[in-house]
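Engineer: Next input, structure requested:
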Amino acid sequence: MEPTEVRATLASFTLVLVLMGSYYILRPVRDAMASDWTDAEVSWLWTFTFFFSAIAVSLYGAAVARFNVRKLVPGIYGFFALSFVGFYLSTQILQDRTLVDKSFYVWVSVFSLFHISVFWTFMADTFSQPQSTRLFGFIGAGASVGAIAGPAMATLLAGQGNTDPLLLIASITIVATLPLIVWVQRLKLSELNNQSVSAGQEDFDYIGGNPLSGFAEFLKSPYLLGIGLFIFLYTSIGSFVYFELKNLMADYSRAERTQIWASMDLVVNVLTLGIAMFATGKMASRLGLSFTLASVPMMIALGMIMLMAAPAVATVVALQVARRAGNYAISRPAREMLFTAVDRETRFKAKPVIDIVVYRGGDMLNAWGFTALTQGLGLGIAATAGVGAVIALLWAATGIALGRSFATRYVTADN
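Structural biologist: Reported below is the predicted structural model:
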């Protein structure tokens, strides 16, 4: 780090820390609400989330092509901060807050798409390419710190019995990013001397844009279809575990649920940081990508079998922590490695399809699948856990096949 880069780098580190912290204050509040609703109601909310997410990302893709990043970034964060103040005021004014809570549930999911994507857009508009290679790793570590600080604060404050003030705290936290943004913009000119640096359209490809444009690339590639299947099966397991957990927590108060969800987030993020730092790279390099991709699904399959034998909150909490920490620290980095075997144009065209249509659409379809099993067929926790175990084994098999395909592509390329 050069002396002229220190303040801009530390300010950016603090900015992403605060942003991630604000999201993890809101997330457990959102998830605690789900236990008040039936499986069908939550499935409808996931359906709305899918469509709102696709629309929001497309609108953002249009906005970044028309507006200066200097004005767009603080405008987006200010808008979200005001929206959460509005939700808080609505909870205090309205007698029946069901519609407000359901709208908040969907809106936090939309916010989750933007809080970090917009940040990295801002970074692309601030630092030069050589600087990004040296500094972005350190700056990105701020997100890990925020992902630990946010749920720790939510766990502590939820113990007071009323979770509504957390919306105001999250809003204030988001507002706190605005002076940091202004400061970084000034440092870009005064200390970094990056007057010529500006984010181009290619810097926004990863956030989505129009998902329909990448369907042809996705559908004609068996390799990309395999990645899509891997992610779809992951969302299947995620939906099953989430719905089981929200049903088992129905008898807890909303404040208690918020504490449980926030505590899980805290443990997950601490485990993720430790595993990613000390285990993931060694696992992929020494044991191969097939083993790495299949390791978490096999662990989840065993967890599902345990859930069949002991359908309790503690079992599902342990399963949720293992699933999410395993995904963030192992499966997701390994999944991103798979994209290095395709060219950049194909990667960016297929990314919106996988991130929006497959991932968010998978959430929606699997939510309705779980609802069909519980409310349609009347299956209990043990039976649905059995279905989940079969899905986890299919997920593991898909990971093994993808790892082998990845290795074949690199052998072919070397020859």
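Engineer: can you give me the strands for the protein?
Structural biologist: For the chain, no strands are identified by DSSP state E.
Engineer: care to break it down by domain?
Structural biologist: 1-201, 210-415 (automatic domain parsing).
Engineer: any chance of the ones you listed in CSV, with mean pLDDT too?
Structural biologist: Output for the domains of the chain, formatted as CSV (pLDDT from 0 to 100):
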stretch, mean pLDDT
domain 1-201, 85
domain 210-415, 83
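Engineer: Sort out which residues of stretch 389-399 are buried, please.
Structural biologist: For stretch 389-399, a neighbour-count test (16 or more other CB atoms under 10 Å) marks 389, 391, 392, 393, 395, 396, 398, 399 as buried. For the C-beta atoms, the positions are set from N, CA and C on the backbone; glycine is no exception.
Engineer: and which of those residues is nearest to residue 120?
Structural biologist: Using CB to CB, residue 399 is the member of those that lies nearest residue 120, at 27.3 Å.
Engineer: which residues sit in contact with that closest one?
Structural biologist: Counting by CB atoms under 8 Å, 6 or more residues apart in numbering, residue 399 touches 230, 290, 292, 293, 294, 297, 331.
Engineer: swap in residue 163?
Structural biologist: Taking CB under 8 Å, 6+ apart, we find residue 163 in contact with 29, 32, 157, 254, 255, 258.
Engineer: Tell me the one of those nearest residue 307?
Structural biologist: residue 32 (21.3 Å).
Engineer: ok, the closest one to residue 407 distance?
Structural biologist: 43 Å (CB to CB, to the nearest Å).
Engineer: Run the chain-centre distance for stretch 186-196.
Structural biologist: Stretch 186-196 sits 31 Å away from the centroid of its parent chain (CA atoms, centre = their mean, to the nearest Å).
Engineer: Can you point out the buried residues in that stretch?
Structural biologist: Neighbour-count burial for stretch 186-196 [16+ other CB under 10 Å]: 187, 188, 192, 194.
Engineer: With stretch 45-52 instead?
Structural biologist: For stretch 45-52, the neighbour count (16+ other CB under 10 Å) marks 45, 46, 47, 48, 49, 50, 52 as buried.
Engineer: So which of the residues you listed is the closest to residue 21?
Structural biologist: Of all those, residue 49 has the smallest distance to residue 21: 22.4 Å, by CB to CB.
Engineer: For the closest residue to the closest one other than its chain neighbours, which residues are in contact?
Structural biologist: Distances taken as CB to CB, 6 or more residues apart in numbering place residue 109 nearest to residue 49, at 4.6 Å, with adjacent residues excluded. Contact analysis of residue 109 by CB under 8 Å, 6+ apart lists 30, 49, 52, 53.
Engineer: what about the residue nearest to the last one when sequence neighbours are not counted, neighbour count?
Structural biologist: Okay, so that is residue 53. What sits nearest to residue 53 in space, not counting adjacent residues and going by CB to CB, 6+ apart, is residue 360, at 5.2 Å. Residue neighbour count, defined by other CB atoms under 10 Å, stands at 23 for residue 360.
Engineer: Same question for residue 12.
Structural biologist: Counted with other CB under 10 Å, residue 12 comes out at 27.
Engineer: For the closest residue to residue 270 other than its chain neighbours, give its distance to residue 218.
Structural biologist: Of all residues beyond its chain neighbours, the one nearest residue 270 is residue 148 (6.0 Å), with distances taken as CB to CB, 6+ apart. Separation of residue 148 from residue 218 (CB to CB): 35 Å.
Engineer: now swap in residue 99 and tell me
Structural biologist: In this view, residue 99 and residue 218 are 36 Å apart by CB to CB.
Engineer: higher neighbour count, these two?
Structural biologist: Comparing residue 99 with residue 218 by other CB under 10 Å, the one with more neighbours is residue 218, at 21 against 10.
Engineer: Surely the more buried one is in contact with residue 227?
Structural biologist: No. In terms of CB atoms under 8 Å, residue 218 does not count as a neighbour of residue 227; the distance is 9.0 Å.
Engineer: got any residues that touch both of those two?
Structural biologist: residue 354.
Engineer: Pull the contacting residues for the residue nearest to residue 53.
Structural biologist: Counting by CB under 8 Å, 6+ apart, residue 360 makes contact with 49, 50, 53, 54.
Engineer: Check residue 363 too.
Structural biologist: Residues in contact with residue 363, defined by CB under 8 Å, 6+ apart, are 46, 49, 50, 235, 238, 239.
Engineer: Could you tell me which residues make contact with the closest residue to residue 371 other than its chain neighbours?
Structural biologist: Nearest residue to residue 371 in three dimensions, chain neighbours excluded: residue 39, at 4.2 Å (CB to CB, 6+ apart). The contact partners of residue 39, taken as CB under 8 Å, 6+ apart, are 243, 247, 367, 370, 371, 374, 375.
Engineer: would you list the residues you listed in CSV and tack on distance to residue 301?
Structural biologist: CSV is the format used below for those (distance: CB to CB, whole Å):
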residue, distance to residue 301
243, 18
247, 21
367, 21
370, 17
371, 22
374, 20
375, 25
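Engineer: about what we covered before: how many residues are close by the residue nearest to residue 270?
Structural biologist: Using other CB under 10 Å, residue 148 has 21 neighbouring residues.
Engineer: surely it meets residue 267?
Structural biologist: No. Contact between residue 148 and residue 267 fails when scored by CB under 8 Å: they sit 9.8 Å apart.
Engineer: Okay, the residue lying closest to residue 361 once chain neighbours are set aside and residue 326: tell me how far apart.
Structural biologist: Sequence neighbours aside, residue 50 is the residue nearest to residue 361 in space, at 5.7 Å (criterion: CB to CB, 6+ apart). To residue 326, residue 50 is 24 Å away according to CB to CB.
Engineer: so what's residue 123 up against?
Structural biologist: Contacts of residue 123 by CB under 8 Å, 6+ apart are 12, 132, 136, 139.
Engineer: The residue nearest to residue 219 when sequence neighbours are not counted: neighbouring residues, count only.
Structural biologist: Among residues not flanking residue 219 along the chain, residue 225 sits closest, at 7.1 Å (CB to CB, 6+ apart). Residue neighbour count, defined by other CB under 10 Å, stands at 15 for residue 225.
Engineer: Surely residue 225 touches residue 231?
Structural biologist: No. In this structure, residue 225 is not within contact of residue 231 by CB under 8 Å, at 10.8 Å.
Engineer: Residue 46 versus the residue nearest to residue 53, what's the distance?
Structural biologist: Distance from residue 360 to residue 46, by CB to CB: 8 Å.
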